[in-house]
Each structure stands twice: as structure tokens, then as C-alpha cells.
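J.: 3D, please:
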Amino acid sequence: MLLPGTREQATTLLRELQARGLTVATAESCTGGLVGATLTAIPGSSATLLAGFITYSNTAKARILGVPEAMLAEHGAVSAPVAQAMAEGALRGCEADLAVAITGIAGPGGGRPGKPVGLVHFAAARRGAPTLLRHEVFPGDRDAVRAASVVLALRLLGAQAGLGGGA
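T.: From the prediction side, this is the model:
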């Protein structure tokens, strides 16, 4: 399920990234590949999207993206440091110019004090630039949290690419 306007947002983002010759990778946990699926639903996306990593478990985050196990133990998977390590790991894993990472608690369970259901951490990395970090607590059910996460991930990619309309 996507929010109204998400496909149009993704189409515009892809067009602008292609005009600048920029490529993208995704590193997704709670969205389970929805950002990648949204982008690949658009014809011509293969010119921009190079790779998508779905790293749902901590083991996958560590082995595939190089997130330090000590970081996962100290901060938990749903944290700013882990989101940053995921995005930067996605850049290392392919030749993309930009990467976005998403890790959160979509619900209905899994929340606890300090980390409620709906909490999602984002990171947008770009080679040679500081990584952008953001977190939100989205209202609604699992589908609503995941759909809102896709929208914000696309906005962060645009912001990291310098396209304006930031996050």
C-alpha cells in the first residue's frame, strides 16, 4: 500500500536523478523493499536504481551491510547509528552515488518505552558528503507506517541529491 502521490513523487525523483547522472541503492528493514519496489515500478528505473538490500534481521544488517555487531547490541537495530551504518554499507556494497536506509518498528508489536510502534530511523548517504539522519514516529497501523516511510525515504534521497524540497 502506498500513499496517494507516492508513484508521482518517485517518478519525479528518478527523472531528476537521471538528469544529474546519479544512481541509488536502498537498505531497507521495516519497509521490506517497498522503496525499491516503488522505484522499480517506473519504466527506466534501471538507469538509476543499482541495488536494493533487504536486511530485516540483525545478522543480515551485520553480514550484508557491515553494521558492527557491537553497534547493534548497544543501540538496537532501530536507531540513528544503525540507520547511518546501513546507508553507508549500501554505498560500499555497490557503485551507487546515493543510498537511503530505513529501520523501524512498524507494529503492531515490538514497541517498548523509548522505542514506540511507529518509530522509524532514516539515513541518506552520498559519496563525499555527510549522511543525513532523520527519525519520525508515524501514527497508524503497519501499512500506514510503512507507506509514510517510503514517502520520507524518497524525500531524503532528493534532499541528499540537492534537489530541493528536502525532508
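
J.: what comes into contact with stretch 66-78?
T.: Under the contact criterion Cβ atoms under 8 Å, 6 or more residues apart in numbering, stretch 66-78 has outside partners 29, 58, 61-62, 81-82, 85-86, 89, 92, 103-105, 115, 119-121. C-beta coordinates here come from the backbone N, C-alpha and C atoms, glycine included.

J.: try it again at 6 Å.
T.: Asn58, Lys61, Ala62, Pro81, Val82, Ala85, Gly89, Thr103, Gly104, Ile105, Lys115 (Cβ atoms under 6 Å, 6 or more residues apart in numbering).

J.: quick one, strands of the chain?
T.: 24-28, 49-54, 98-104, 119-126, 129-137 (DSSP state E).

J.: would you reformat these as a markdown table and include distance to Leu156, mean pLDDT and mean neighbour count?
T.: Below are those laid out as a markdown table (distance: least, Cβ to Cβ, whole Å; pLDDT from 0 to 100; neighbours: other Cβ atoms under 10 Å):
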| stretch | distance to Leu156 | mean pLDDT | mean neighbour count |
| --- | --- | --- | --- |
| strand 24-28 | 11 | 98 | 28 |
| strand 49-54 | 15 | 98 | 19 |
| strand 98-104 | 6 | 98 | 29 |
| strand 119-126 | 4 | 98 | 26 |
| strand 129-137 | 6 | 98 | 16 |
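
J.: in JSON lines, list those strands along with distance to Ala148.
T.: Output for the strands of the chain, formatted as JSON lines (distance: least, Cβ to Cβ, whole Å):
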{"stretch": "strand 24-28", "distance to Ala148": "14"}
{"stretch": "strand 49-54", "distance to Ala148": "19"}
{"stretch": "strand 98-104", "distance to Ala148": "10"}
{"stretch": "strand 119-126", "distance to Ala148": "8"}
{"stretch": "strand 129-137", "distance to Ala148": "7"}
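
J.: find the residue at the geometric middle of this structure.
T.: By Cα atoms, centre = their mean, the chain has its centre lying nearest to Ala101, at 3.0 Å.

J.: any regions of this structure where pLDDT drops low?
T.: 165-167 (pLDDT under 70).

J.: Gln160 is in contact with Ala124, isn't it?
T.: Yes: at 3.9 Å, Gln160 and Ala124 qualify as touching, with contact defined as Cβ atoms under 6 Å.

J.: anything in contact with each of the two?
T.: Leu132.

J.: how near is the residue in the chain sticking out farthest from the centre to Arg92?
T.: Largest separation from the mean C-alpha position in the chain: Pro113, at 23.8 Å (Cα atoms, centre = their mean). Distance from Pro113 to Arg92, counting by Cβ to Cβ, to the nearest Å: 34 Å.
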